[in-house]
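Engineer: structure, please.
(2 chains)
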Amino acid sequence: MKKIFGPHTRRVLDVLAGLRGLSPGDVDLVAATWKHESAVDRAEAWAELHRATSRDERYPILAAAAAGRRTAMDIARDLHRTDWAFWAAAWDATAAVAAADVIGGHFDTLAAPVAEVMPSLAQEQVGAQSPARVPSPRSQHESAVSRGRSPVPRGRSSRATP
Amino acid sequence: MKTQFRQFFESSPDALLVVDSVGRIRQANARAESLFGYRHEQVQGELAQTLFPGQQMTWCPPADTPEQRRAAGRHLELVGRRSDRSQFPADVAVIPIQTAEGPEALVSIKDLSEAQRAQFALELGFDVVQSAERDEQALLGHLIRAVEQERGRIAADIHDDTIQILSAANLRLQQLRHRLQDPDDLQILDKLDETFALSLSRLRQLIFDLRPSTLEEGSVADAVRAYCEEMRSDIGIDFRVEGSCRTKIPASTSMLIYRTVQEALVNVRKHARAKTVRIKFLDVSDGCLTRISDDGVGYSPAEVENRPGHLGLTLMRERAELSGGWCRIESSPGGGTVVEFWVPFDNSPEQPGAGRERAA
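Structural biologist: Reported below is the predicted structural model:
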């Protein structure tokens, strides 16, 4: 079977389905967490994603990200939420899942805000990684934080803007 | 219970078989008979294997064994064969059951032909979209380069030709000034002087817009600052330019960053009704991260992106993508707009299919 969102299509579809089950509180938490995360770390993760993939490899990843963003925008509209940080977080997270085996330790940077309300996402990387790739110490720390689902994320870099 | 099972078995929309411990079909429901094209008496007592020839299966693993526990609820994709020898893709689920006759298996079979056809159509559509998008990207890349070349050519023509002619005309005007005595004539000459100066100033501004000299002489931040100054004097939007990318970056990268910022600022100017715009540059991962944020009225991406005619937004994304970078444009009504993009310092256009280094 050809995978429209790349080799991790099934996981991407799971995330899309998971997004549909979020509550208004979940949406707010994801948006707040995304804003609290470091924009520089995110930029580095996206830079890595672009550097590590060819244009053809990137296409299904960006298709997944676009589907995640679109799904999140629909959910936000249904839940009367307007903070774009939520669909930006969904864009990041679905891209991370689709690119899980090429972005190494950057997975957690991109997936963490959505993982706050979708704990299974925090463990996605473990299954997707090749043995040669290990999460960075910072990512491991963040995974632990994200599994804690703290309403105000703690212990993360607060460089919220470039 | 037996009656209920019988009703369930017969009315199931899926083809169902009950297979005994040696793999023989004990029962088949009506849907199974129609799916495989056999009559009841033809299929009963036959080996289940005959419906899936050449595919080795343990239909009914021994009870209370790890093999049985593994088999419980498993789904397999097999190829079924009908009585007319035609084949079809099938999703087969095997559920171990315990009956009065001992351990048996309930086998559920779904014909995947329709699903596969739908998937094929979807994949075909996806390929068509992907191919069209590749063409669009190639065309846009060509367009962006052509526009930049043409801007450079026009700027050079204005500088080397039009401005030289105007300057020569101005010199002759000054020569004429020495011959004139009448105050009225001199007043007219002053007016002409002013007009010349204004024309030259406008032409130099045009050259700057077409090919910002500060990009060649200084940094992108300086060129953006100059553009913002002009915007402030035109429409009064306040601005802050912070940080800067490293000075020695290829001219093509500087131009790409400048043009993208310019595009974002044109949108601010035209649509945002903002009081302040903030532009920030930062070196990130051998590239430049740029963020343009305004405090304007914003827009609803879900509505705006569904409407055609947003060439500016598309161009910003495509410029970054073509250079191996990325661009994110986000907004919400009343929440201002943020354009954030990153481009690598070395932005030689990437060829389709070309591989890049992998994450270590």
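Engineer: any idea how far the longest helix out of those in chain A is from the middle of the chain?
Structural biologist: Among the elements of type helix in chain A, defined by DSSP state H, the one spanning the most residues is helix A:55-78. For helix A:55-78, the separation from the chain centroid amounts to 11 Å (computed by C-alpha atoms, centre = their mean, to the nearest Å).
Engineer: ok, then the element right after it?
Structural biologist: Beyond helix A:55-78 on the C-terminal side, the first helix or strand identified by DSSP states H and E is helix A:84-98.
Engineer: and that next one, is it in reach of chain B?
Structural biologist: Yes - applying C-beta under 8 Å from any C-beta of the partner chain, one finds that helix A:84-98 is in contact with chain B at A:84-85, A:87-88, A:91. All C-beta atoms are positioned from the backbone trio N, CA, C, and that covers glycine.
Engineer: so which strand or helix has the closest residue to chain A within the stretch 101-250 of chain B?
Structural biologist: Here the stretch 101-250 of chain B gets closest to chain A at one residue, B:E123, 5.0 Å apart by C-beta to the nearest C-beta. Following DSSP H and E, one finds B:E123 within helix B:113-157.
Engineer: state the next helix or strand along the chain beyond that helix.
Structural biologist: Downstream of helix B:113-157, the next assigned helix or strand under DSSP H and E is helix B:163-179.
Engineer: counting by contacts, list what that following helix packs against.
Structural biologist: Using 3 or more C-beta pairs under 8 Å, 6 or more residues apart in numbering or on different chains; DSSP states H and E as the contact criterion, the neighbours of helix B:163-179 among helices and strands are helix B:183-210.
Engineer: can you check the pLDDT for residue 57?
Structural biologist: Let's take chain A. On the pLDDT scale, A:E57 is placed at 89.
Engineer: if you could check chain B rather than the one you did, that'd help
Structural biologist: In this model, B:M57 is scored at 77, pLDDT.
Engineer: so what's the residue lying closest to it once chain neighbours are set aside up against?
Structural biologist: Nearest residue to B:M57 in three dimensions, chain neighbours excluded: B:Q49, at 6.7 Å (C-beta to C-beta, 6 or more residues apart in numbering or on different chains). Taking C-beta atoms under 8 Å, 6 or more residues apart in numbering or on different chains, we find B:Q49 in contact with B:23, B:55, B:57, B:59.
Engineer: most neighbours, which of those?
Structural biologist: When neighbours are counted by other C-beta atoms under 10 Å in any protein chain shown, B:W59 leads the contacts of B:Q49 with 23 neighbours.
Engineer: you'd agree that one is up against B:V18?
Structural biologist: No - under the criterion of C-beta atoms under 8 Å, B:W59 is not in contact with B:V18, lying 10.2 Å apart.
Engineer: how close does the spatially most central residue of chain A sit to B:P212?
Structural biologist: Nearest to the mean C-alpha position of chain A, by C-alpha atoms, centre = their mean, lies A:A93 at 1.7 Å. Using C-beta to C-beta, to the nearest Å, one gets 38 Å for the distance from A:A93 to B:P212.
Engineer: tell me the confidence at the residue nearest to B:M57?
Structural biologist: Reported pLDDT for B:Q49: 89.
Engineer: which residues of chain A lie near chain B?
Structural biologist: Within chain A, the positions lying close to chain B (C-beta under 8 Å from any C-beta) are A:1-2, A:4, A:39-40, A:43-44, A:46-57, A:59, A:73-74, A:77, A:82-85, A:87-88, A:91, A:102-104, A:106, A:132-133, A:161-162.
Engineer: least confident secondary structure element in chain A?
Structural biologist: The helix or strand with the lowest mean pLDDT-type score in chain A, counting by mean pLDDT, DSSP states H and E, is helix A:137-147 (a mean of 38).
Engineer: oh, that last question was meant for chain B, not what I typed.
Structural biologist: Per-SSE averages on chain B (mean pLDDT, DSSP H and E): minimum helix B:66-71, a mean of 63.
Engineer: may I have the helix or strand that comes right after that one exported as PDB, CA atoms only?
Structural biologist: Towards the C-terminus, the helix or strand next in line after helix B:66-71, according to DSSP H and E, is strand B:74-81. As requested, C-alpha coordinates have been extracted for strand B:74-81 and formatted as PDB (Å, rounded to 0.1, in the frame of the first residue of the first chain):
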ATOM      1  CA  ARG B  74      -5.600 -11.400  13.900                       C
ATOM      2  CA  HIS B  75      -6.200  -9.900  10.500                       C
ATOM      3  CA  LEU B  76      -4.500 -11.100   7.400                       C
ATOM      4  CA  GLU B  77      -4.600  -9.800   3.800                       C
ATOM      5  CA  LEU B  78      -5.000 -12.800   1.600                       C
ATOM      6  CA  VAL B  79      -6.100 -13.500  -2.000                       C
ATOM      7  CA  GLY B  80      -9.400 -15.300  -2.300                       C
ATOM      8  CA  ARG B  81     -10.400 -17.500  -5.300                       C
END
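Engineer: that concludes my questions; thank you for your assistance.
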